[in-house]
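J.: Take this sequence and fold it.
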Amino acid sequence: MSLYRSVDEVREALALYLDLDELREDIWEYLVEKKHVEDVLLADGPLSALADEYGKLSLLKEAGDGPRRKSARRTNTPDQRSEILSRISARVAGKESQVQYFRKRSLKGELLRFNDVADWVEAQAKKDGPRTVYLKVAVPQGIVVSVEPEGTIPDRPIMISRENPAISFSTDLLAFATAGDRGVRRVFVSRDGVLGQLQRISVDLAKRYHWQEALATVFVLTDLPPPLSRAAVELRWQVPFLAGRRIVMEIDPAMAPSEVASLYRESRAEMQTRRYRAMSPKHLQLAEFALANEEGPWRQKMEEWNREFPKWQYDEVSNFSRDCRQATRRILK
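T.: Residues are numbered from 1 along each chain as shown. Next comes the predicted model:
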């Protein structure tokens with residue numbers, strides 16, 4: 001059994017272990033997403049391994065080369081229109097049967113105050129009992145599975161053993177927030193418990209209303225409308241292939257094109273570590289060719305290049321090898 005009962009306890013222990021007043025929110029979110037925190041909670045993994053991972057990511061961040069899956073997802077301050085739409089969305093969502101049923105049965109018809117959310121979740125987690133763990137298992141040949149109202153059902157039992165072990169495991173986490181929080185709180189849930197039901201409702205509402213999942217949970221418990229931003233920007237980094245980075249923007253159609261352009265320029269400046277210059281078709285082909293032909297002498301590779309791309313022929317091996325290296329470096333860094 002793990003020494004820690006929740007994600008928040010692991011966070012506090014890690015900060016103490018590293019002698020930090022607080023952890024970087026972006027790195028912590030990455031560790032949660034990549035299941036490193038879950039390893040500590042479920043598999044009783046050592047806190048030292050989590051600390052090492054945090055340290056590596058911190059160094060990469062300082063070098064500007066970290067695995068920023070979500071680099072400070074930013075949102076524009078809501079305007080009057082967004083605030084009104086937020087209240088309207090909450091009113092519509094509040095009429096949904098799943099929300100009304102949960103509030104009537106689990107909250108006894110009494111909504112919580114925002115400041116009481118954390119205490120209620122903690123108390124309910126104790127009532128619900130141990131978290132549910134899901135195992136991912138390969139279906140042996142010859143077994144037929146079908147989708148039924150109860151779930152995916154095999155035509156006969158599947159044995160989990162050393163010969164047919166589970167490939168991986170996972171759990172459900174309820175995301176929530178309370179007054180004064182710097183980031184999202186999470187707690188493991190039992191599938192059949194009250195928090196398990198709340199987690200499924202929150203995930204569903206977040207997807208359909210474009211809310212943050214933690215704020216969808218708060219809405220169900222308190223009726224506080226999750227804010228609707230005019231725009232949200234997510235910088236997606238891919239390591240080590242940094243040419244795969246992307247800027248993802250969610251835009252309110254009511255925003256003026258000039259506002260969108262300004263937001264994009266700011267996001268692009270944050271992502272670029274140097275002035276961006278688009279690569280020509282020739283240099284893109286050089287990078288692809290060099291990566292596909294890493295072995296062999298440069299003269300032989302140059303002759304093959306000249307046969308394949310006669311319009312971009314080279315006469316000097318030194319120029320060809322230099323351009324290949326530069327093109328490869330630019331596409332990867």
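J.: Show me the helices in this protein, by range?
T.: 7-18, 25-33, 36-42, 47-62, 80-94, 97-106, 117-128, 194-209, 213-222, 257-271, 281-292, 298-308, 317-332 (DSSP state H).
J.: now for the ones you listed, which one comes closest to Pro140?
T.: Smallest distance to Pro140 across the helices of the chain (C-beta to C-beta): 25.2 Å, for helix 36-42. Every C-beta, even on glycine, is put in place using the N, C-alpha and C of the backbone.
J.: Quick one: list the elements packing against that closest one.
T.: helix 7-18, helix 47-62, strand 166-171 (3 or more C-beta pairs under 8 Å, 6 or more residues apart in numbering; DSSP states H and E).
J.: quick check: mean pLDDT across it?
T.: Helix 36-42 comes out with an average pLDDT of 76.
J.: Could you do stretch 269-282 as well?
T.: Mean pLDDT, stretch 269-282: 72.
J.: what do you get for stretch 121-131?
T.: pLDDT averaged over stretch 121-131 gives 93.
J.: Any chance of the helices of the chain in a markdown table with distance to Val184 as columns?
T.: Output for those, formatted as a markdown table (distance: least, C-beta to C-beta, whole Å):
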| stretch | distance to Val184 |
| --- | --- |
| helix 7-18 | 9 |
| helix 25-33 | 8 |
| helix 36-42 | 13 |
| helix 47-62 | 17 |
| helix 80-94 | 19 |
| helix 97-106 | 20 |
| helix 117-128 | 12 |
| helix 194-209 | 12 |
| helix 213-222 | 5 |
| helix 257-271 | 22 |
| helix 281-292 | 39 |
| helix 298-308 | 51 |
| helix 317-332 | 33 |
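J.: and Val187, which of those helices is closest to it?
T.: Nearest of the helices of the chain (C-beta to C-beta): helix 117-128, 5.4 Å.
J.: quick one: that closest one to helix 97-106, angle?
T.: 70 degrees (axes from the mean of the first three to the mean of the last three C-alpha atoms, to 10 degrees).
J.: How about helix 117-128, which residues are buried there?
T.: Within helix 117-128, the residues scored as buried using 16 or more other C-beta atoms under 10 Å are 117-118, 120-121, 124-125, 128.
J.: and that helix, what other elements does it pack with?
T.: Other helices and strands packing on helix 117-128, by 3+ C-beta pairs under 8 Å, 6+ apart, are strand 173-176, strand 185-188, helix 194-209, helix 213-222.
J.: Show me what the last one is packed against.
T.: It stands for helix 213-222. Counting by 3+ C-beta pairs under 8 Å, 6+ apart, helix 213-222 packs on helix 97-106, helix 117-128, strand 173-176, helix 194-209.
J.: who touches stretch 220-227?
T.: Residues outside stretch 220-227 that contact it (C-beta atoms under 8 Å, 6 or more residues apart in numbering): 78, 82-83, 86-87, 89-90, 94, 99, 102-103, 107, 111-114, 117, 120, 176, 198, 201-202, 205, 209, 211-212, 215-216, 218-219.
J.: Mind checking the pLDDT average for it?
T.: 93.
J.: Could you export that stretch as CSV, CA atoms only?
T.: Taking Å, rounded to 0.1, in the frame of the first residue of the first chain, the C-alpha atoms of stretch 220-227 are listed here in CSV:
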residue,chain,number,x,y,z
VAL,A,220,-22.1,20.4,-10.4
LEU,A,221,-21.4,20.9,-6.7
THR,A,222,-21.9,24.7,-6.3
ASP,A,223,-23.8,25.9,-9.5
LEU,A,224,-21.0,28.4,-10.1
PRO,A,225,-20.8,29.1,-13.9
PRO,A,226,-17.4,28.1,-15.4
PRO,A,227,-16.0,31.1,-17.2
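J.: Cool, thanks, talk later.
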